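**Student:** Got a predicted structure here, sequence first:
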Amino acid sequence: MSVVVRRTVGAVAGTALLCAGAVACGGGSGASGTKAASGDARAARAVTAAYQKTAKAGSAKVAMTMRTPSALGGGSVRLSGTMGWNPTVMDMTMKGSGIDTRGADLPGTMRMIMRDGAMYVDGGAAAAEKTDGKRWMKLDLAGLGAQAGGLGSMDQDPARQIAVLLDSPNLKHLGSATVDGERTEHYKGTLTVEEMMKSNDAPKVLGADERARLLKNVEKAGIKDYDTELWVNKDDLPVRMDVTMDSPQGRVQVSETFSDYGAPVRVDVPPAGQTYDLMDSFAKLGKGTLQG
């Protein structure tokens, strides 16, 4: 494999992992807010209603910004487009200083498509020149998650992150605020991994299997806690959600805004003739058989 192709593959792999991590931050599973209700029953009821309405909506237009510490490459990545959940599908564009394209000759803005557990990244004309015209790189998210130390299930949605917030023992209502021109109610809660483990005997919004899977992956990633803020409009739907996670590499911050709930999401994957599997490329690289 040539140096140029190595850099291209590496840059796109890093890009996809960043995006996959952002999606995972925006999802997860959690329990109903038994402890939260004991501290702020009004907040628990409001956030439960937001969970139910968001799960039912099924899709929305999303704008996401993720900021990472220098140990994870630093900078910020911005994504915008449409996402559906249960199962997760998306069609987004991504750009930002957190995309490492140095030496890879990749476009500054990339389109990313997710469907059926796979992500497709458009590497542009420059990538096609180096891969026999195949500009789309296909990534098996489960495989990438395993290699990255457990990013968690990629079948994520904002409703599930709201369910995580419901487990917080300090969930509280912070008052009213205007977000993107809408009047909202602002809620905040922090939940450590240990607290998540201890809350296993509480009544659940989601299944025990999903909850156990999340806890296992969070421990693998070394995440210490989630600090979540939620802004909910008069229709009980989130307008904005911020999640901050502390990890051994530093603090990761994800901010998402939502609009047009229920918007149709049509995701057509690229033709097979225009794609190549990145995991296969890595395997061939290990055997020294991939040419570039």
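**Tutor:** Nice, I can see it. Residues are numbered from 1 along each chain as shown.
**Student:** what about residue 52, which helix or strand?
**Tutor:** Residue 52 belongs to helix 41-57 when elements are defined using DSSP states H and E.
**Student:** Quick check: can you name the pairing partners of the helix or strand following that helix and their directions?
**Tutor:** For helix 41-57, the following helix or strand on the C-terminal side (DSSP H and E) is strand 59-67. Strand 59-67 has its sheet partners listed here by DSSP bridges as strand 76-84 (antiparallel), strand 250-259 (antiparallel).
**Student:** just these: most buried one?
**Tutor:** Looking across the strands paired with strand 59-67 with neighbours counted as mean count of other Cβ atoms under 10 Å, the highest average goes to strand 76-84: a mean of 20. All C-beta atoms are positioned from the backbone trio N, CA, C, and that covers glycine.
**Student:** burial measure for residue 236, as a count.
**Tutor:** 16 (other Cβ atoms under 10 Å).
**Student:** What of the one 10 residues further on?
**Tutor:** When neighbours are counted by other Cβ under 10 Å, residue 246 registers 16.
**Student:** from what I can see it touches residue 253, true?
**Tutor:** No. Contact criterion Cβ atoms under 8 Å: residue 246 and residue 253 do not qualify, at 10.3 Å.
**Student:** circling back: will you turn the strands paired with strand 59-67 into a markdown table that also has distance to residue 46 and mean pLDDT?
**Tutor:** Putting those into a markdown table (distance: least, Cβ to Cβ, whole Å; pLDDT from 0 to 100) gives the following:
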| stretch | distance to residue 46 | mean pLDDT |
| --- | --- | --- |
| strand 76-84 | 23 | 90 |
| strand 250-259 | 16 | 89 |
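**Student:** could you pull out the helices for this structure?
**Tutor:** Using DSSP state H, the helices of the chain run over residues 3-25, 34-39, 41-57, 124-130, 141-147, 158-165, 193-198, 208-221, 278-287.
**Student:** Now do the fifth one, average pLDDT.
**Tutor:** This means helix 141-147. Averaging pLDDT along helix 141-147 gives 56.
**Student:** And the fourth one, by the same measure?
**Tutor:** Predicted confidence along helix 124-130 averages 77 (mean pLDDT).
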